[in-house]
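Novice: Just to be clear, the model below is a prediction. Sequence and coordinates:
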There are 2 protein chains.
Amino acid sequence: MRTKILLDEDAMPKAWYNIQADLPAPLAPPLHPGTGKPVTPDDLAAIFPRELIRQEMATERSIPIPDEVRDILRLWRPSPLYRARRLEEHLKTPAKIYYKWEGVSPPGSHKPNTAVPQAYYNRQEGIERIATETGAGQWGSSLAFATALFGMTCTVYMVRSSYTQKPYRKSMMQVYGAECLPSPSERTASGRKVLADYPDTPGSLGIAISEAVEDAVNHPNTNYALGSVLNHVCLHQTVIGLEAREQLAMEDTYPDTVIGCVGGGSNFAGLAFPFVGEKLRGRYPETDVVGVEPTACPTLTKGLFAYDYGDIAGLTPLLKMFTLGHDFVPPAIHAGGLRYHGVSPLVAHLTDAGAMRAVSYHQNEVFDAAITFARTEGIVVAPEAAHAVKAAIDAAIECRKTGEEKVILFNNSGHGNFDFASYDIYLAGGLPDYEYPAELIRESLAHLPKVG
Amino acid sequence: MRTKILLDEDAMPKAWYNIQADLPAPLAPPLHPGTGKPVTPDDLAAIFPRELIRQEMATERSIPIPDEVRDILRLWRPSPLYRARRLEEHLKTPAKIYYKWEGVSPPGSHKPNTAVPQAYYNRQEGIERIATETGAGQWGSSLAFATALFGMTCTVYMVRSSYTQKPYRKSMMQVYGAECLPSPSERTASGRKVLADYPDTPGSLGIAISEAVEDAVNHPNTNYALGSVLNHVCLHQTVIGLEAREQLAMEDTYPDTVIGCVGGGSNFAGLAFPFVGEKLRGRYPETDVVGVEPTACPTLTKGLFAYDYGDIAGLTPLLKMFTLGHDFVPPAIHAGGLRYHGVSPLVAHLTDAGAMRAVSYHQNEVFDAAITFARTEGIVVAPEAAHAVKAAIDAAIECRKTGEEKVILFNNSGHGNFDFASYDIYLAGGLPDYEYPAELIRESLAHLPKVG
């Protein structure tokens, strides 16, 4: 009876799984924000390398992972698959709970799975510097890590409120040699404009995206990179699910329930898509695939499936996705990585097609699950990952009631070593639970762009 | 060419290696601080469980690891052995650099290797609560983790200055359900006395030890636990070196140089003792075993080999060790885990016998090595572990000069996720280098207790 199911690094996937090959209908194309016409590869070439643009639109099922990328991924991959035996005992459930542990990457989450190939393809095409934005800092520190290993430089625009509240994520970026600026900054025209109008603004992901894109457009040999939402990002994350499938096969099993938390959607996609792909191809059709989101930002459970901008300023292409409206600002919950008004178009498409479903939780019950997990399995998870923990615990408790011996698999996407301030507030009883912000959502959905 | 050498959890050692079986001469016994006579098991029974007292004095070579302990250790053990290929390339060295990565434990260091068996043996003997002290918090959070998994409670007296500067280590203990108090506290007579005399004291490990021991003595079903220095602690850590020997054998190799940082000595002992044991038994006699300490607290390189107290107040048994004097207070360097006036009697004995040697470094060169490591191998290490990194880099550079293809093995004892404030100061150029505090050492060595 093993606790950790390990794969040797030679067993790391040699290709990513592209779910676009198996979709019941093609994905709705991204539209140019100016013309409303489908975006062309040339439109994107100002800020992305050709190969990532190709992957964004690719429909072949399998895309090889370059050796140079695998050579860095193997610093921590394949990640371990855990059987959560101590949690199962605590819950007195007949279910078997497995989790993929992505906190073993040096920056501590799944984000480097895509930061490394993104840095690699940029380097291959002669790019020497990447500009990006980051919210809580997981993505920024992961891109800083990846660019360091390829000898590139990196500038990260970090939402000012996070920059102040989570100074050590910034420090990590600097240790890796990256530059980290609080956004809005004086560095860009869009930053300066916001600062002139609102000198005390806490910043937002929307503003930070505008700054990073502007930086990339205006500097030589500089591109932009995004840590979630886009198809190529979800593609790169599929190493998680491909490894998990292999590891479960070593245990002679296959999951009945597959669970991941959903912000932009990339860690969810990474674990779930290889299993959703089986389902779409008619195998294991009963697999229950569950995205978990915060009640305070209920994109999949309460949003509209419609075209919307990816950022607040409306500079990005229009994406067909579930959205709460691009000017929806969710309450300040502690799972910063799940505070996004939209979601990956692939995840939205699969939800709309009924290939997966979504649930939402309040943050106190999520932290409660995280405490149970820490005191049984020993690992302190990030608040984002704690959403998946909560859903897995609920599924296991349901099995206790029904007596079913289901196999539950969830993505434990990162550690909570930078989130203890949030745990402190929870343990002191000071964490508010927000209801669905129905009024705010109604208002922001009224501002959806007109399309066609 | 592998980067990570992994062992399946079934290959985790089933017994600890006890170097007392192979010492050239018996260890000098600890002496009672009151009588000056060798301490008896009964003297220790007020605060330690019988089995740990037995292990402290045991001379058999192999001591079985209980199944219940292995069942928890396998949550992260066997830990990976890495070949530092990217660092080797960067250094252009013909040497092969391997490191054991102990940062994969949930609390992030090697400390749980002994926290788990210590909690287990206490639980076995009916103890329900453990009191301990902690400096920077690695040990306190590891004992909190271990006691949580055995359903025990735990009170940690944390040196007040660390409690204030590293609030998230305290938070981690609380997430695991432990109580963490700033020391000196109002909870104990010794704490109250210090507070009355020095209300603004930053606290010290010596004061915190006194509080924890007093707590253990005065509460029912409560024992005391120590995270380093003692023989049974070094014993429990030998899983590190036993695994490493196995993993290197999978690579068909054996180390020429074995390196670990030395504070109390437990992470060093954990990696090195199985290799020192081979040497003591006449195999691989040329192995170079190196302890690394800070110039600011040069216990092995500048201390005396003499009997001294383990704490500042002189409450503990007298231990024969290298010491800078029990009232020596080292400068406030950022590797808090290496700021100890004494060292494990076993490590001292082996140094005195010439079976190992010691070197010391200034903290700026140590942080410089840590930055090189982060930007090549991707891992941000704790300042303590960075001392071992620095010595390994120097050994590899020496090989570049001589052309020797040496095999260098070091213990990477923990991650730096709670140490970014120190990295910030280093990157800003604000870290002072302290010379050997020769005058202070002379003074404190004049206060050594008279023995015999």
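Specialist: That came through, no problem. Computed from a predicted model, the values in this text were never measured in an experiment. Numbers count the residues shown, from 1 in each chain, chains lettered A, B, ... in the order given.
Novice: Which residue comes closest to A:Ala244 once chain neighbours are left out?
Specialist: The shortest distance from A:Ala244 to any non-neighbouring residue, by C-beta to C-beta, 6 or more residues apart in numbering or on different chains, is to A:Lys100 (5.0 Å). (Each C-beta comes from the backbone N, C-alpha and C, glycine too.)
Novice: Point me to the helix or strand that includes the spatially closest residue to A:Gly227 that is not a sequence neighbour.
Specialist: Spatially, and ignoring its direct neighbours in sequence, A:Gly227 is nearest to A:Trp139 (3.3 Å; C-beta to C-beta, 6+ apart). Using DSSP states H and E, A:Trp139 maps to helix A:138-149.
Novice: Pull the distance from the following helix or strand past that helix to the chain's centre.
Specialist: Later in the chain than helix A:138-149, the nearest helix or strand by DSSP H and E is strand A:153-159. Its chain's C-alpha centre and that of strand A:153-159 lie 18 Å apart, by C-alpha atoms, centre = their mean, to the nearest Å.
Novice: Say whether chain B is contacted by strand A:153-159.
Specialist: No - if you take C-beta under 8 Å from any C-beta of the partner chain as the test, strand A:153-159 misses chain B, and the best it gets is 11.8 Å.
Novice: Just checking: what are the partner strands of that strand?
Specialist: strand A:129-134 (parallel), strand A:179-183 (parallel) (DSSP bridges).
Novice: Redo these as JSON lines? Include mean neighbour count and mean pLDDT.
Specialist: Formatted as JSON lines, these follow (neighbours: other C-beta atoms under 10 Å in any protein chain shown; pLDDT from 0 to 100):
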{"stretch": "strand A:129-134", "mean neighbour count": "27", "mean pLDDT": "97"}
{"stretch": "strand A:179-183", "mean neighbour count": "22", "mean pLDDT": "97"}
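Novice: Including distance to B:Glu89, could the ones you listed go into CSV?
Specialist: Shown next, in CSV, are the strands paired with strand A:153-159 (distance: least, C-beta to C-beta, whole Å):
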stretch, distance to B:Glu89
strand A:129-134, 23
strand A:179-183, 25
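Novice: per-residue pLDDT, the spatially most central residue of chain A?
Specialist: Nearest residue to the geometric centre of chain A (C-alpha atoms, centre = their mean): A:Ser266, 3.5 Å. Note for A:Ser266: predicted pLDDT of 97.
Novice: tell me the SS of the residue in the stretch 1-150 of chain A that chain B sits nearest to?
Specialist: Here the stretch 1-150 of chain A gets closest to chain B at one residue, A:Pro106, 4.2 Å apart by C-beta to the nearest C-beta. Assigned with DSSP: H, G, I helix; E, B strand; the rest coil, A:Pro106 falls in the coil class.
Novice: dump the residue contacts of it.
Specialist: Contact analysis of A:Pro106 by C-beta atoms under 8 Å, 6 or more residues apart in numbering or on different chains lists A:75-76, A:112, A:145, B:378-380.
Novice: Return stretch A:89-109 as CSV; C-alpha atoms alone will do.
Specialist: Taking C-alpha atoms only, stretch A:89-109 is exported to CSV below (Å, rounded to 0.1, in the frame of the first residue of the first chain):
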residue,chain,number,x,y,z
GLU,A,89,-9.1,7.4,7.6
HIS,A,90,-10.0,10.7,9.2
LEU,A,91,-13.1,11.0,7.1
LYS,A,92,-14.0,7.3,7.6
THR,A,93,-14.8,7.1,3.9
PRO,A,94,-14.7,4.0,1.7
ALA,A,95,-13.5,6.3,-1.2
LYS,A,96,-9.9,6.4,-2.3
ILE,A,97,-8.6,9.9,-2.5
TYR,A,98,-5.6,10.6,-4.7
TYR,A,99,-3.9,14.0,-5.3
LYS,A,100,-1.3,15.2,-7.7
TRP,A,101,1.2,17.4,-5.7
GLU,A,102,2.4,20.4,-7.8
GLY,A,103,3.9,22.2,-4.8
VAL,A,104,7.2,20.4,-5.4
SER,A,105,8.2,22.9,-8.2
PRO,A,106,10.8,25.4,-7.0
PRO,A,107,8.4,28.3,-7.1
GLY,A,108,5.8,26.1,-5.4
SER,A,109,2.9,25.7,-7.8
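Novice: Identify each buried residue in it, please.
Specialist: Residues of stretch A:89-109 classed as buried by neighbour count (16 or more other C-beta atoms under 10 Å in any protein chain shown): A:90-91, A:93, A:95-109.
Novice: from the chain's centre, how far out does that stretch sit?
Specialist: Relative to the centre of its chain, stretch A:89-109 is centred 17 Å away, using C-alpha atoms, centre = their mean.
Novice: How about stretch A:389-406?
Specialist: Centroid displacement of stretch A:389-406 relative to its chain, using C-alpha atoms, centre = their mean, is 25 Å.
Novice: Buried by neighbour count: which residues of that stretch qualify?
Specialist: With burial defined by 16+ other C-beta under 10 Å, the residues of stretch A:389-406 counted as buried are A:389-396, A:399, A:406.
Novice: end-to-end on stretch A:356-371?
Specialist: Using C-alpha to C-alpha, to the nearest Å, the end-to-end distance of stretch A:356-371 comes out at 28 Å.
Novice: I misspoke; the intended subject was stretch A:223-236.
Specialist: 18 Å.
Novice: so how far is it from its chain's centroid?
Specialist: Put simply, stretch A:223-236 sits 9 Å off its chain's centre (C-alpha atoms, centre = their mean).
Novice: quick one: average confidence on it?
Specialist: On average, the pLDDT along stretch A:223-236 is 97.
Novice: do the same with stretch A:322-341
Specialist: 88.
Novice: burial measure for A:Gly325, as a count.
Specialist: A:Gly325 has 24 neighbours, counted by other C-beta atoms under 10 Å in any protein chain shown.
Novice: For the stretch 51-200 of chain A, just list every one of the helices.
Specialist: A:67-73, A:85-91, A:112-124, A:138-149, A:160-165, A:167-175, A:189-197 (DSSP state H, counting those that start in this stretch).
Novice: What pairs with the helix or strand harbouring A:Asn411, parallel or antiparallel?
Specialist: Taking DSSP H and E as the criterion, the element that holds A:Asn411 is strand A:407-412. Strand pairing for strand A:407-412, using DSSP bridges, gives strand A:96-101 (parallel), strand A:257-261 (parallel).
Novice: Would you mind listing what in the stretch 151-300 of chain A touches chain B?
Specialist: Proximity of the stretch 151-300 of chain A to chain B, by C-beta under 8 Å from any C-beta, involves residues A:167-168, A:171-172, A:174-177.
Novice: Out of the residues you listed, who's the most crowded?
Specialist: A:Met172 (29 neighbours).
Novice: wait, doesn't that residue sit right on A:Ala148?
Specialist: No - using C-beta atoms under 8 Å, A:Met172 is not in contact with A:Ala148; the gap is 10.9 Å.
Novice: and the residue of the stretch 301-450 of chain A nearest chain B?
Specialist: At 3.7 Å from chain B, A:Phe420 is the closest residue in the stretch 301-450 of chain A, using C-beta to the nearest C-beta.
Novice: Give me the distance between that residue and B:Arg50.
Specialist: Relative to B:Arg50, A:Phe420 is positioned 37 Å away (C-beta to C-beta, to the nearest Å).
Novice: Neighbour count: the two, which is higher?
Specialist: Shown here are A:Phe420 and B:Arg50; by other C-beta under 10 Å, A:Phe420 has more neighbours (20 against 13).
Novice: In contact with the more buried one, which residues?
Specialist: Applying C-beta under 8 Å, 6+ apart to A:Phe420 gives the contacts A:380, B:167-168, B:171-172, B:175.
Novice: Kindly report the same for A:Asn417.
Specialist: Applying C-beta under 8 Å, 6+ apart, one finds that A:Asn417 lies in contact with A:108, A:380, B:108, B:168, B:417-418.
Novice: Let me have those in TSV, extended by pLDDT.
Specialist: Formatted as TSV, these follow (pLDDT from 0 to 100):
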residue	pLDDT
A:Gly108	97
A:Val380	98
B:Gly108	97
B:Tyr168	94
B:Asn417	96
B:Phe418	94
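Novice: Nearest to B:Ile425 among the residues you listed?
Specialist: Closest to B:Ile425 out of those is B:Phe418 (14.4 Å), distances taken as C-beta to C-beta.
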